[in-house]
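1. A structural model of the following input is requested.
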Amino acid sequence: MEVVPLVALVAVSAAVAGIARRTPVPAPLLLVAAGLAAAYLPGVPEYALDPHIVLPLVLPPLLYTAAVDSSYLDLRANIRPVALLSVGYVLFATLAVGYAAYLVVPGLPLTAALVLGAVIAPPDAVAATAIARRLGLPPRITTILQGESLVNDATAITAYKVALAAVVGAGAGWAGGIAEFLLASVGGVGVGLLLMVPIHWLRTHLREPLLQNTLSLLIPFVAYAAAERVHASGVLAVVVVALYLGHRNWQVDFATRLQEEAVWKMIAFVLESVVFMLIGLQLPVVLEGLGEYEGMHAAWYAVAVFLAVVAARFVWVFPATFLPRISARVREREPETNWKSPVIVGWAGMRGVVSLAIAFSIPMTVEDGEGFPARNLILFLTFTTVIGTLVVQGLTLPPLIRLLRLPPRDVQAETLAEAQAQNAASAAAEARLEELLEDRRNALPAPLADRLRTVMERRRNSVWERLGAVNEETGESADDTYRRLSREMISAEREVFVALRDERRIDDEMLRTLLRRLDLEEAAAYRESAD
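-> Reported below is the predicted structural model:
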């Protein structure tokens, strides 16, 4: 792809995603709609989705940032539903949707239909989890959706390879398929386990934040490439490494964490924006190759496959949710399960760019030189399923969540737990400070020692104040008012520094040093929550 179209794609995608943040429409849906609208505008170049770019270069960083932000402990606590969705459901959907397509489309070989089933089996939970966070879904549902999205791509890619081998005549039967699946899954996890400890050792022993962040940018690509090199699952290798690093992120230098968070937020924002825009932009590419399947027949096939995808998810989700509850142990661990949660999980099965990337990787011909059976139709049905799930399910998921009236997050209980944790930490810090001050080598003037105590006490009290009364005039807690006034004071200092620079009383280098100091103080005082 040339530079100018690529820059234009990134710029427009970022602009549309920015606009989406100011509207009630989820960003993925607005981006797809913008891509569909732009696909036929005069002067817009053809953006063909290249699987050789998406799978090794776009998928790893998206998986990495999602896994690093996930909770290893929460995923471990929900390993059963996550595994049933990310492995069991994907395999079930491959067979169910593939067989449905085989019945609906005349002349479509069963092996080619199973390729289609594998391609559209994995839901893309980026949009679903974005909506879940935006609407405050219960944490367990959000964890399950996130966990599913981390692993299901690996299952689908492996199932696709097995089905593809059957089409081209290189299949080795069920035994060979199971062996390939085990190699990919066990091998991917094994590569991740081998890499995670030395990578973490490097992260904790590199003292320069720029070097640490450079390493951070390389990690997902190294893990993915290393696993794929030995024919294992690069997806699982990236997820295992990222979960380990995220779980131990507290051991990394604070400056690295600050830089890393900003860098990966930007990367995730750009990549997610671009891939959803690319989905919409594929319309001309898909329609050009439809050929003999054009017309109402293709539309009927698209509707039938879409309905099969939606139905297959519910057929799997409800039994997978309630059948294990026959066990008393499962009922004890999951006492709050009701029919509303599987409805949300079932309807949150939106497909995404991975399905399209896999579809575009289908070869043009098979081993005997003949064309891949119904390749263009498979591309079309994949595209329509992705668009259909994103638009239909994406637009209706928020009202469905509101209609079901799921219990919201207990903000009061979460704040209380945060306050209790901060209280325990402050007590430990206070004891450590007094212990250090008893040593003459740590002697401090009384005002400085009191300042340390004051800062520590404010950290202790700030969370408790959120549980208490608010200012009748402004609606702010005391902590909110403190942060606002602190920010106003820092802004006043910043204006003075800039004025002194403009008067040539300090140079730009000194200005940058002073402004960075204020930035760190503002971050410490204000601590804006993540979007």
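
2. Show me what the helix ranked longest in the chain is packed up against.
-> Counting by DSSP state H, the longest helix found in the chain is helix 173-205. If contacts are counted by 3 or more C-beta pairs under 8 Å, 6 or more residues apart in numbering; DSSP states H and E, helix 173-205 sits against helix 139-168, helix 209-229, helix 234-247. C-betas here are computed from N, CA, C, even on glycine.

3. What is the last one packed up against?
-> Taking 3+ C-beta pairs under 8 Å, 6+ apart as the contact definition, the neighbouring helices and strands of helix 234-247 are helix 59-68, helix 72-77, helix 139-168, helix 173-205, helix 209-229.

4. okay if I get the ones you listed as JSON lines plus mean neighbour count and mean pLDDT?
-> Listed next are these as JSON lines, based on neighbours: other C-beta atoms under 10 Å; pLDDT from 0 to 100:
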{"stretch": "helix 59-68", "mean neighbour count": "24", "mean pLDDT": "91"}
{"stretch": "helix 72-77", "mean neighbour count": "14", "mean pLDDT": "87"}
{"stretch": "helix 139-168", "mean neighbour count": "23", "mean pLDDT": "87"}
{"stretch": "helix 173-205", "mean neighbour count": "16", "mean pLDDT": "88"}
{"stretch": "helix 209-229", "mean neighbour count": "18", "mean pLDDT": "93"}
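
5. if I averaged out where everything in the chain sits, which residue would be nearest that spot?
-> A66 (3.7 Å; C-alpha atoms, centre = their mean).

6. ok, A154 touching G188?
-> Yes - A154 is within contact range of G188, at 6.2 Å (criterion: C-beta atoms under 8 Å).

7. List the residues that are in contact with both of the two.
-> By C-beta atoms under 8 Å, 6 or more residues apart in numbering, A154 and G188 have these common neighbours: 233, 235-236.

8. Which one (most neighbours) among the residues you listed?
-> If you count neighbours using other C-beta atoms under 10 Å, the busiest of those is V235, which has 31 neighbours.

9. before we move on, the earlier item: out of the helices and strands packed on helix 173-205, which comes closest to G388?
-> Closest to G388 of the helices and strands packed on helix 173-205 is helix 139-168 (C-beta to C-beta; 17.9 Å).

10. my read is T337 is in a strand, agree?
-> No - counting by DSSP: H, G, I helix; E, B strand; the rest coil, T337 is not found in a strand; it is coil.

11. heads up, I number from 314, so please use that
-> In the new numbering, first residue 314, that becomes T650.

12. where's it relative to R393, distance?
-> Distance, T650 to R393, by C-beta to C-beta, to the nearest Å: 12 Å.

13. Those two - which one has more neighbours?
-> T650 (17 against 14).

14. Make CSV out of the helices and strands packed on helix 486-518 and add distance to V510.
-> Formatted as CSV, the helices and strands packed on helix 486-518 follow (distance: least, C-beta to C-beta, whole Å):
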stretch, distance to V510
helix 452-481, 20
helix 522-542, 13
helix 547-560, 8
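
15. Select, out of those helices, the one closest to E315.
-> Closest approach to E315 among the helices and strands packed on helix 486-518 (C-beta to C-beta): helix 522-542, 23.5 Å.

16. Helix 547-560 and that closest one, what's the angle between them?
-> Computed by axes from the mean of the first three to the mean of the last three C-alpha atoms, to 10 degrees, the angle separating helix 522-542 from helix 547-560 equals 150 degrees.

17. Quick one: distance of helix 522-542 to the chain centre.
-> Remark: helix 522-542 is offset 18 Å from the chain centroid, using C-alpha atoms, centre = their mean, to the nearest Å.

18. which strands and helices sit next to that helix?
-> helix 372-381, helix 486-518, helix 547-560, helix 567-594.

19. Contacts only, for the closest residue in space to G559 that isn't next to it in sequence.
-> Nearest non-adjacent residue to G559, counting by C-beta to C-beta, 6 or more residues apart in numbering: V381, 3.9 Å away. For V381, the contacting residues are 555-556, 558-559, 562, 577, by C-beta under 8 Å, 6+ apart.

20. Same question for Y557.
-> 385, 505, 509-510, 513.

21. again, only using 7 Å
-> For Y557, the contact set (C-beta atoms under 7 Å, 6 or more residues apart in numbering) comprises 509, 513.

22. Tell me the spacing between it and M579.
-> Distance from Y557 to M579, counting by C-beta to C-beta: 23 Å.

23. Over to A740?
-> Separation of A740 from M579 (C-beta to C-beta) stands at 38 Å.

24. cool, W629 as well?
-> Distance, W629 to M579, by C-beta to C-beta: 36 Å.

25. Looking at these two, which is more packed in?
-> Relative neighbour count places W629 above the other of W629 and M579, with 22 against 11, counting by other C-beta under 10 Å.

26. Can you tell me the closest non-neighbouring residue to the more buried one?
-> In space, and not counting its chain neighbours, W629 is closest to Y402: 4.7 Å by C-beta to C-beta, 6+ apart.

27. what about that neighbour, how many neighbours?
-> 27.

28. if we can go back for a sec, let me see the contact set for the residue nearest to the centre of the chain.
-> Applying C-beta under 7 Å, 6+ apart to A379 gives the contacts 459, 462-463.

29. Just name the closest of these to L524, please.
-> For these, the nearest to L524 is L463 (27.5 Å; C-beta to C-beta).

30. which one is the closest one nearest to, not counting chain neighbours?
-> On the basis of C-beta to C-beta, 6+ apart, the spatially nearest residue to L463 that is not a chain neighbour turns out to be V552, at 4.8 Å.

31. And the one you found, how far from Y360?
-> Applying C-beta to C-beta to V552 and Y360 gives a distance of 28 Å.

32. Looking at those two, which has the bigger crowd around it?
-> Between V552 and Y360, counted using other C-beta under 10 Å, V552 has the larger neighbour count: 30 against 22.

33. ok, the more buried one to M663 distance?
-> As defined by C-beta to C-beta, V552 lies at a distance of 20 Å from M663.

34. Check L463 too.
-> Distance, L463 to M663, by C-beta to C-beta: 16 Å.

35. Ok, P676 next?
-> Computed as C-beta to C-beta, the P676 to M663 distance reads 27 Å.

36. Look at these two and report which has more neighbours.
-> Comparing P676 with M663 by other C-beta under 10 Å, the one with more neighbours is M663, at 25 against 12.

37. Mind pulling up the pLDDT for that one?
-> pLDDT recorded at M663 is 90.

38. same check, this time on E521
-> Per-residue confidence at E521 stands at 85 (pLDDT).

39. That one: neighbour count?
-> Residue neighbour count, defined by other C-beta under 10 Å, stands at 11 for E521.

40. Next, the contact list for it, please.
-> Shown in contact with E521 (C-beta under 7 Å, 6+ apart): no residues.

41. follow-up on the earlier one: what's the closest of the helices and strands packed on helix 547-560 to A352?
-> Proximity to A352 (C-beta to C-beta) singles out helix 372-381 among the helices and strands packed on helix 547-560, at 23.0 Å.

42. C-alpha coordinates for that closest one, CSV please?
-> Backbone C-alpha positions of helix 372-381 (Å, rounded to 0.1, in the frame of the first residue of the first chain) are rendered in CSV as follows:
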residue,chain,number,x,y,z
LEU,A,372,-3.4,-9.2,15.5
PRO,A,373,-0.4,-9.7,17.9
PRO,A,374,-0.4,-6.1,19.3
LEU,A,375,-4.2,-6.1,19.7
LEU,A,376,-4.1,-9.4,21.6
TYR,A,377,-1.1,-8.2,23.7
THR,A,378,-2.7,-5.0,24.9
ALA,A,379,-6.0,-6.8,25.6
ALA,A,380,-4.3,-9.6,27.6
VAL,A,381,-2.0,-7.2,29.5
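
43. How far off centre is that helix?
-> Relative to its chain's centre, helix 372-381 lies at 6 Å (C-alpha atoms, centre = their mean).

44. do the same with stretch 470-477
-> Counting by C-alpha atoms, centre = their mean, stretch 470-477 comes out at 24 Å from the chain centroid.

45. cool, and stretch 552-567?
-> 16 Å.

46. tell me how far the ends of it are from each other?
-> Distance across stretch 552-567, first residue to last, is 23 Å (C-alpha to C-alpha, to the nearest Å).
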